[in-house]
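Trainee: This is a predicted model, with the sequence first.
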Amino acid sequence: MLKQRNKSLSIVMAICLCLALLAPVFVAPNVAEASCTYEPLSAPTVSPAVPPATNDLGVVKVTLPDTALFAYSLLTVSMPSDFAFPNNNVGGFDVVPVAAAAGTGVTIVAPGNGAAGNDKGLAPTDFKDNFPADGVGAGGYFMITPNNTFDIQLQSPIGTVGTNNYFYIYFNGINMNNTTGDIKVSFVAPSGSGFSTSLDVTIAKSSTSGSTVTNCKKVTNVNDNGGIIDIISIMEQADDSITKTGAITLEILTKGYKWAPLTAPEIALSPSLTAGGAAAGDYGLASFGWDWAGTAADSVNIAAGAGAASLTSNDTALTYRLPAITATNGISPGRVSFAGLKLQVVDGVAAVGDEVEVEVSGADMTTATVVVAKLVGYEATVSEGTTKNLVAGKINKKIGEFYVEEGAPGSLVATRTITFTLPTGVSWNNLGAYEVVKGGITLNAPAAITGSNNEILKWTVGVASANDGAKVKFKDFRVNVSPDYEGPIEIEVTGSAGVTGKVKVAEVSKMATLEVKDVANVELGKPNQKIGDVTIVEGAADSILDAAGANDLITLTLDAGYRFAKVPTVKVIEGDIDIDEQSVDINGGVLTFDIDSASKKTASKIQISDIYIDALRTAPEGPIKLTFDKVGATNAMNETVFNKSAGDAVIANCITPSMKEGTEGAAMGQFKIGSNIYEIDGVAKVMDVAPYIKSNRTYVPVRYLAYALGVAEADVVWDEASQKATLTKGDNVVELTVGSTTITVNGEAQTMDVAPEVVNNRTMLPARYVAEGLGYVVGWDPGTRTVLISK
């Protein structure tokens, strides 16, 4: 029994669970979750009482989501009860697909076409026509009731399919009966409707006191001859803010300026300001009544002399009396515009830099002060526009744009020159071009590029500017950049036309640099000495030239006196540049290899490793450099004619082998800097001159050095006439001449990095050249500053 009861209970619980899961299918969704929106597209400021008696108020866009498109959804629109509408209590009105004319009353516009997938909102056929017998036509229908409400109801089924489910409500031609403040309407939807309720949606603002905004389209630069200023406009914020028969005064507040006399054609009206063009003697334009929908404005020309519209001037005050215009739209704000007004400059009072202020007042407008002009001097300036990033060693590269601008018109004098000079290491590749940004000026391009290094372009002013200071953009210039150039490219602007200055147009980076892992010491006169790895680091992708431009060979050269002992290993360790590893070759102190293709996306690194060099006996002591080749038809580091290297790096230091303890004759000869005592096999002897250091080299007297090397006194021969010394020891003969860097050892000429010189009637020379020529080694003790001679 208990078992049977439990089974029955289980069945009942299972049924309840199923019903719980199915419940949402049978229960209607909460319409509030799918709330529609009411968006005011316009909410103008209007005047409530003055003629005309009606006003066009705002437009509201009503949008429903797909989930709110319920059949027969109802919406009630409620408007203020003291308003009067052209179309209330006069029968029904269809929902229409396009907006009706202004002033015709409340209109519902559904712009869609009813087709599937349309993107223009709901269509008129999506609204229910509750009065099919009206005979007005097919589609939705509404009627304004005596209590200033109307209902909107959707059709069933909705024909439109899409996501843009919207329509518009125009509130036009409404008599507000002196109502002021915010004008609001309410949207009320009953329960179950796809519409939602939204109270107090503002569609307009009504005010008995209007306001205006005044502006000048731009501040005009004028010189001491004065000039025509740009258009001054007074714009109503609400209809009839400006009294139609009132007087508007434009008064110059800045000392030193006045209005030009009002005699035609000193002040010319732009023809574009009136529909029919300016008539002779017209000095301004008053236009009224444009609206947001694009209705054309009524306009009247401001005529000189007597008449309904008059313009008078009293030096600094200009007065315009508005005519009693009746043919206006009268439904939206208007404007008054003044064009072609000319300033005169009072000498001795006005100063360069003055900003000319004009106060605009009268006719119940909002008094405003605007800046209309600035007094500028006869000067021109150069300014930066854009800059480019360039790579050294390349030709025909575009630089940035720059500007030359006049203060006053005519600052750049006709027939005179504007010269552009590039810095050393940069040359022009073309003549460039120009574009007039403002002002009437013409320029003549140079006939050719000039300068010893093609660094000069000389432009000429053709026709000078007249009415407005000119601004000229110089563009499309191209340059060639030396491989050793780095940093900004600044053009120096000079010439007789009257402009000077400098302007940056590019920033140059190195094509590549050399990085050395370890700077090793190598000993003079020894072969096959290993040095650290060297890496070529590309400055940016596609910097190193490739075979596409017939520039595909990288050449690296050691300093004189050094050579590669074997072919090193060259490979790409980073980036996407391709090299021909089989092309790596050496020729004495020169290393070369080919670039197959340039890097495209990533700057590359090329490593040179397993480097061995020979240091010749004639090599100079000190830093050893590896240098990019300067020029060549296939130089991947330089496609220009500049005879410059892309760079170098110290890869090793050459030192003289130090004395080793126990070496035969380790102390056989010693010369101490600054002392006239020297030693031969430990025996101190006196010289008549002391060794010294010059340009980091130790100089010792050749005669006493010879004695320390075991040369007999008779074998040290001096020829006064030729200033030549000859040292002989056994089969070895060394010859050297004062002032010459050539030393002859056993008949073979070699080059020294310094020449012998005479001090106190003694021939002085670094000890190494003579000692090595006779088979000895020279060492250096920095602690005691002593030159050591050993075998």
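Mentor: Yep, it's here.

Trainee: okay, the spatially most central residue of the chain: pLDDT?
Mentor: For the chain, the residue sitting closest to the mean C-alpha position, by C-alpha atoms, centre = their mean, is residue 386 at 5.7 Å. In this prediction, residue 386 carries a pLDDT score of 95.

Trainee: which intervals of the stretch 51-200 of the chain have sub-threshold pLDDT?
Mentor: 51-53, 86-92, 100-103, 114-120, 130-140, 156-164 (pLDDT under 70).

Trainee: run the last query once more with 80
Mentor: Across the stretch 51-200 of the chain, residues meeting the criterion (pLDDT under 80) sit at 51-55, 66-71, 82, 84-95, 97-105, 112-120, 129-143, 146, 156-164, 177-180.

Trainee: next one: the stretch 601-750 of the chain
Mentor: In the stretch 601-750 of the chain (pLDDT under 80), the answer is 617-618, 630-635, 656-668, 682, 695-696.

Trainee: where does the residue nearest to the centre of the chain fall, helix, sheet strand or coil?
Mentor: coil (DSSP: H, G, I helix; E, B strand; the rest coil).

Trainee: Residue 236: how many residues sit nearby?
Mentor: Look at residue 236: counted by other C-beta atoms under 10 Å, it has 23 neighbours. Yep, even glycine has a C-beta here, placed from its N, CA and C like the rest.

Trainee: which non-adjacent residue is nearest residue 619?
Mentor: residue 561 (2.7 Å; C-beta to C-beta, 6 or more residues apart in numbering).

Trainee: on that earlier part again, do you know how far the residue nearest to the centre of the chain is from residue 419?
Mentor: 21 Å (C-beta to C-beta, to the nearest Å).

Trainee: And the pLDDT at the closest residue to the residue nearest to the centre of the chain other than its chain neighbours?
Mentor: Ranked by C-beta to C-beta, 6+ apart and with sequence neighbours excluded, the top spatial neighbour of residue 386 is residue 400, at 3.9 Å. Per-residue pLDDT puts residue 400 at 97.

Trainee: Begin at 340, not 1, for the rest of this chat.
Mentor: All right, first residue 340 from here; so that's residue 739.

Trainee: Might one say that residue 739 is in contact with residue 844?
Mentor: Yes. With contacts counted by C-beta atoms under 8 Å, residue 739 reaches residue 844, the gap being 4.2 Å.

Trainee: Touching both of these two, which residues are there?
Mentor: 723, 725-727 (C-beta atoms under 8 Å, 6 or more residues apart in numbering).

Trainee: Let's see the distance spanning stretch 772-781 from one end to the other.
Mentor: 12 Å (C-alpha to C-alpha, to the nearest Å).

Trainee: pretty sure residue 1044 belongs to a helix, no?
Mentor: Yes. Assignment of residue 1044 by three-state DSSP places it within a helix.

Trainee: correct me, but it touches residue 1108?
Mentor: No. Residue 1044 is beyond contact range of residue 1108, at 9.9 Å (criterion: C-beta under 8 Å).

Trainee: More neighbours: which of these two?
Mentor: More neighbours surround residue 1044 than the other of residue 1044 and residue 1108, with 30 against 23 (other C-beta under 10 Å).

Trainee: That one and residue 1093: what is the separation?
Mentor: 15 Å.

Trainee: can you check residue 1121 too?
Mentor: 20 Å.

Trainee: Looking only at neighbour counts, state which of these two leads.
Mentor: Between residue 1121 and residue 1093, residue 1093 has the larger neighbour count (other C-beta under 10 Å), namely 15 against 7.

Trainee: can you pull the contacts of that one?
Mentor: So residue 1093 contacts 1034, 1036, 1080, 1104-1105 (C-beta under 8 Å, 6+ apart).

Trainee: Now which of the residues you listed would you call buried?
Mentor: Buried members of these, scored by 16 or more other C-beta atoms under 10 Å, are 1036, 1104-1105.

Trainee: At which residues are the helices of this protein located?
Mentor: 341-365, 1041-1047, 1106-1112 (DSSP state H).

Trainee: Please compute how far the last one lies from its chain's middle.
Mentor: Just to be clear, that refers to helix 1106-1112. Relative to its parent chain, helix 1106-1112 has a centroid offset of 63 Å by C-alpha atoms, centre = their mean, to the nearest Å.

Trainee: Can I get that helix in PDB? Just the C-alpha atoms.
Mentor: Provided in PDB are the C-alpha atoms of helix 1106-1112 (Å, rounded to 0.1, in the frame of the first residue of the first chain):
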ATOM      1  CA  ALA A1106     111.600  53.100 -31.200                       C
ATOM      2  CA  ARG A1107     109.500  50.400 -32.800                       C
ATOM      3  CA  TYR A1108     110.300  51.200 -36.400                       C
ATOM      4  CA  VAL A1109     114.000  51.000 -36.000                       C
ATOM      5  CA  ALA A1110     114.000  48.100 -33.500                       C
ATOM      6  CA  GLU A1111     111.800  45.900 -35.600                       C
ATOM      7  CA  GLY A1112     113.800  46.700 -38.700                       C
END
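
Trainee: what domains does the record give for this structure?
Mentor: Using automatic domain parsing, the domain ranges for the chain come out as 371-545, 551-714, 719-848, 851-994, 1008-1129.

Trainee: burial of residue 417, as a residue count?
Mentor: 16.

Trainee: Could you do residue 573 as well?
Mentor: 26.

Trainee: Can you name the residues bridging to it?
Mentor: residue 553, residue 675 (DSSP bridges).

Trainee: circling back: if I pick the residue nearest to residue 725, what's in contact with it?
Mentor: 723-727, 843-845.

Trainee: cool, and residue 860?
Mentor: Taking C-beta under 8 Å, 6+ apart, one finds 991-994 in contact with residue 860.

Trainee: Make a markdown table out of those residues and add distance to residue 424 and neighbour count.
Mentor: Below are the contacts of residue 860 laid out as a markdown table (distance: C-beta to C-beta, whole Å; neighbours: other C-beta atoms under 10 Å):
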| residue | distance to residue 424 | neighbour count |
| --- | --- | --- |
| 991 | 99 | 25 |
| 992 | 100 | 14 |
| 993 | 104 | 23 |
| 994 | 106 | 15 |
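
Trainee: Dump those residues into JSON lines; add distance to residue 837 as well.
Mentor: Converted to JSON lines, the contacts of residue 860 look like this (distance: C-beta to C-beta, whole Å):
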{"residue": "991", "distance to residue 837": "57"}
{"residue": "992", "distance to residue 837": "56"}
{"residue": "993", "distance to residue 837": "58"}
{"residue": "994", "distance to residue 837": "61"}
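
Trainee: Which members of those residues are the farthest-apart pair?
Mentor: 991 and 994 (9.6 Å; C-beta to C-beta).

Trainee: where do the contact lists of the two overlap?
Mentor: Common neighbours of residue 991 and residue 994 (C-beta under 8 Å, 6+ apart) are 860-861.

Trainee: Residue 984 against residue 966, yeah?
Mentor: Yes. The pair residue 984 / residue 966 is scored as a contact, 5.3 Å apart, by C-beta under 8 Å.

Trainee: Which of those two has more residues huddled nearby?
Mentor: residue 984 (21 against 17).
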